[in-house]
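K.L.:
any chance you could fold what I've pasted below:
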Amino acid sequence: MLALGGALRMGSIYRGVWAACLTAVACGCGDFVSEDPSPRPNFVILLADDLGYCGTELYGCDEIPTPNIRRIAENGVTFTDGYVTAGTCSPSRAGLLTGRYQQRFGFEFNTGPARVTFEERRGLPKGERTIADILDGVGYATGMVGKWHQGNTEGFHPTERGFNEFFGFLPGARAYFDKSTDNGGAISRRVASDHPQARLQNIERISDLNALYRGRERVSEQEYLTDAFAREAISFIERHKDDSFFLYVAFNAPHTPIEATEEYVERFSHIADPHRRIYAAMVSSLDDAVGRILDKLEHAGLAEDTVVFFLSDNGCAVYTEACTNDPLRLGKLFLFEGGTRVPFAMQYPRLVGGGRIYRHPVSSLDILPTFAALGGGPLPADPEMDGSNLMPFLLGEESPPHEALFWRNGENKAIRQGNWKLFWNQRHIWLFDLSEDIGEVTNMAGEHPEKVEELQGLHRDWETGTEDPAWPARQAPGPVEVDGILVDINI
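P.N.:
Sure thing, here's the model as predicted:
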């Protein structure tokens, strides 16, 4: 009740701020004029987990119909070159939530293992402000549903990081069926992949570590987890439809374990490979969940004034043999395009026309400053944000939002500037022209040594503002051969 009352009180106070903010956002953009002091927009992030570039219909792939994810793009913008800041779940989410490269605060690797001592302090540092912190501070009701993966011990809980409400689990993975209940018969309808890399080992043994919580109270769940997360998101919207709200829905689909209900698997009986069939079922379930949330916004009369972003935390895990990132190279764990370039779409009907395609590179870093600008939330003067408010660029600004984008995973480093993409480690250098070679097939490093030197120099400059990893990588599976060269994998 305190959070709700605060949101109601603060909502009227900040309407004037939001109206002024709209003027600033639209400055220099002749195709937007508004004299309507409408309520501040609501904000929703729909984050998939390990969903590949070709896992939706956004980019011409059609094996898995995703009409609801496509609906976001049809109502708004498809970003052809949408990136996240890491090829693994936990650091990628840290970048999204803070609007800062996670290497700036030592969050280079996943936070696991699940059992860490309080003293290890593996998680999002308290000094970093999240999107929820900023919007809660200007009167938004803030809620999170789904996978947290930003720390499992005291001090890192979502309700300590700006979220008024939380329903979900804390570590990096969880089964989709609660083994402690009969799930209303859902267990009997469970179809799971038996591929060793498509399931979590010992998931029942660690059930205490990936328990579901409502706030801080442990709960059991009767529904397939993707459906449960959609239900909880819809409930949050219903309870806060008269407030300004921010809702972060961090699905764990289609992350391992690869399992779905028979109902969804039957939709893809035409797919011969059993692992791929179940993965497709998981994505289809995810798309239906997205559709239920979008429908709720529409039925509540909120769609026009709600900014919705859809993206994945990294590319799909090709090692499960259940998915593909075509036409991109490799996938999760890597800094090639398949690991960091993801499905990325956004809608805000009040300001952004539907069916737009935006081709400049954008980043998950951009979501926080975009929300802050539209919601009237002040950005911290120190530390500096790495993301850009996307609204001026979507409303007419022709320059790209970023001069360059940077990645680092241990000794693996990458940069994209314009159409050039450089990836290197201690063993080898790869340079690609993405305008001609989206699949990163032709290595041009030998032909353009000056470009390699220039991009490495920019990356060195960026690294001066970063920190060493705050904890070591874990459970590295060993190097993987790429073009005959060994590439270390750090998790």
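K.L.:
only C-alpha atoms for contact and neighbour calcs from this point on.
P.N.:
Noted.
K.L.:
isn't there a helix covering P380?
P.N.:
No. P380 is assigned coil when assessed by DSSP: H, G, I helix; E, B strand; the rest coil, not a helix.
K.L.:
do you know how far it is from S92?
P.N.:
With distances taken as C-alpha to C-alpha, to the nearest Å, P380 is found 21 Å from S92.
K.L.:
more neighbours: these two, which one.
P.N.:
Under the criterion of other C-alpha atoms under 10 Å, the comparison of P380 against S92 puts S92 first, with 26 against 11.
K.L.:
secondary structure element for that one?
P.N.:
For S92, the element it lies in under DSSP states H and E is helix 89-98.
K.L.:
now that helix - C-alpha only, CSV.
P.N.:
Coordinates of the C-alpha atoms in helix 89-98 are reproduced here as CSV (Å, rounded to 0.1, in the frame of the first residue of the first chain):
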residue,chain,number,x,y,z
CYS,A,89,22.9,-13.9,-19.2
SER,A,90,24.0,-12.3,-16.0
PRO,A,91,26.3,-9.6,-17.2
SER,A,92,24.0,-8.8,-20.1
ARG,A,93,21.2,-8.1,-17.6
ALA,A,94,23.5,-5.9,-15.5
GLY,A,95,24.1,-3.7,-18.5
LEU,A,96,20.4,-3.5,-19.4
LEU,A,97,19.4,-2.6,-15.8
THR,A,98,22.0,0.1,-15.3
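K.L.:
centre of the chain to that helix, how far?
P.N.:
8 Å (C-alpha atoms, centre = their mean, to the nearest Å).
K.L.:
could you do stretch 265-284 as well?
P.N.:
23 Å.
K.L.:
likewise for stretch 234-251?
P.N.:
How far stretch 234-251 lies from its chain's middle: 18 Å, per C-alpha atoms, centre = their mean.
K.L.:
now do it, average pLDDT.
P.N.:
Average pLDDT, stretch 234-251: 97.
K.L.:
got the end-to-end distance for that stretch?
P.N.:
From the first residue to the last, stretch 234-251 extends over 14 Å; the measure is C-alpha to C-alpha.
K.L.:
go on, stretch 55-74?
P.N.:
17 Å.
K.L.:
buried residues, it. List them.
P.N.:
Within stretch 55-74, the residues that qualify as buried by neighbour count (16 or more other C-alpha atoms under 10 Å) are 55-59, 64-74.
K.L.:
measure L294 to L46 for me?
P.N.:
L294 is 10 Å from L46, where distance means C-alpha to C-alpha.
K.L.:
low pLDDT regions in the chain?
P.N.:
When residues are selected by pLDDT under 70, those of the chain lie in 1-39, 112-120, 179-188, 200-209, 475-477.
K.L.:
the longest helix anywhere in the chain - contacts with which helices or strands?
P.N.:
Longest among the helix segments of the chain by residue count, using DSSP state H, is helix 274-299. Helices and strands touching helix 274-299, by 3 or more C-alpha pairs under 8 Å, 6 or more residues apart in numbering; DSSP states H and E, are helix 67-75, helix 225-239, strand 259-261, helix 262-265.
K.L.:
which one of the ones you listed is the most hemmed in?
P.N.:
Comparing these on average neighbours per residue, with mean count of other C-alpha atoms under 10 Å, the densest one is strand 259-261 at a mean of 26.
K.L.:
which residues are contacting the helix holding S92?
P.N.:
Under the criterion C-alpha atoms under 8 Å, 6 or more residues apart in numbering, residues 49-50, 84-86, 101-102, 107-111, 124, 128-131, 149-150, 172, 313-314, 364-368 lie in contact with helix 89-98.
K.L.:
out of these, which are buried?
P.N.:
For those, burial is judged from neighbour counts taken by 16+ other C-alpha under 10 Å, and it is met by 49-50, 84-86, 101-102, 107-111, 124, 128-131, 149-150, 172, 313-314, 364-368.
K.L.:
okay, and which of those residues map to helices?
P.N.:
With helices identified by DSSP H, the entries of the buried ones among the contacts of helix 89-98 that belong to them are 131, 367-368.
K.L.:
now, among the residues you listed, which is nearest to F336?
P.N.:
The closest of those to F336 turns out to be I367 (C-alpha to C-alpha; 22.5 Å).
K.L.:
gap between the closest one and E57?
P.N.:
Per C-alpha to C-alpha, I367 is found 22 Å from E57.
K.L.:
how is the chain divided into domains?
P.N.:
Domain assignment for the chain, taken from automatic domain parsing, gives 2-394, 405-487.
K.L.:
any idea how far the residue nearest the centre of the chain lies from D468?
P.N.:
By C-alpha atoms, centre = their mean, the mean C-alpha position of the chain lies nearest to D313, the distance being 3.7 Å. Here D313 is placed at a distance of 22 Å from D468 (C-alpha to C-alpha).
K.L.:
and if you look at R427?
P.N.:
Here the criterion is C-alpha to C-alpha. By it, R427 lies 21 Å from D468.
K.L.:
can you check K413 too?
P.N.:
Noted for K413: a distance of 14 Å to D468, by C-alpha to C-alpha.
K.L.:
these two: who's more crowded?
P.N.:
With other C-alpha under 10 Å as the criterion, K413 and D468 differ in neighbour count, and K413 comes out ahead with 20 against 14.
K.L.:
what is the neighbour count of Q222?
P.N.:
18.
K.L.:
pretty sure it sits against D178.
P.N.:
Yes. Contact between Q222 and D178 holds when scored by C-alpha atoms under 8 Å: they sit 7.0 Å apart.
K.L.:
closest one of the ones in helices among the buried ones among the contacts of helix 89-98 to N164?
P.N.:
Taking C-alpha to C-alpha as the measure, N164 sits nearest to I131 out of these, at 12.4 Å.
K.L.:
list the residues that contact the closest one.
P.N.:
97-98, 162, 368, 371-372.
K.L.:
save these as a markdown table, and put in distance to P254 too.
P.N.:
Listed next are those as a markdown table, based on distance: C-alpha to C-alpha, whole Å:
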| residue | distance to P254 |
| --- | --- |
| L97 | 21 |
| T98 | 24 |
| G162 | 27 |
| L368 | 24 |
| F371 | 26 |
| A372 | 29 |
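K.L.:
just checking, L47 touches N314?
P.N.:
No. Counting by C-alpha under 8 Å, no contact exists between L47 and N314, whose distance comes to 10.0 Å.
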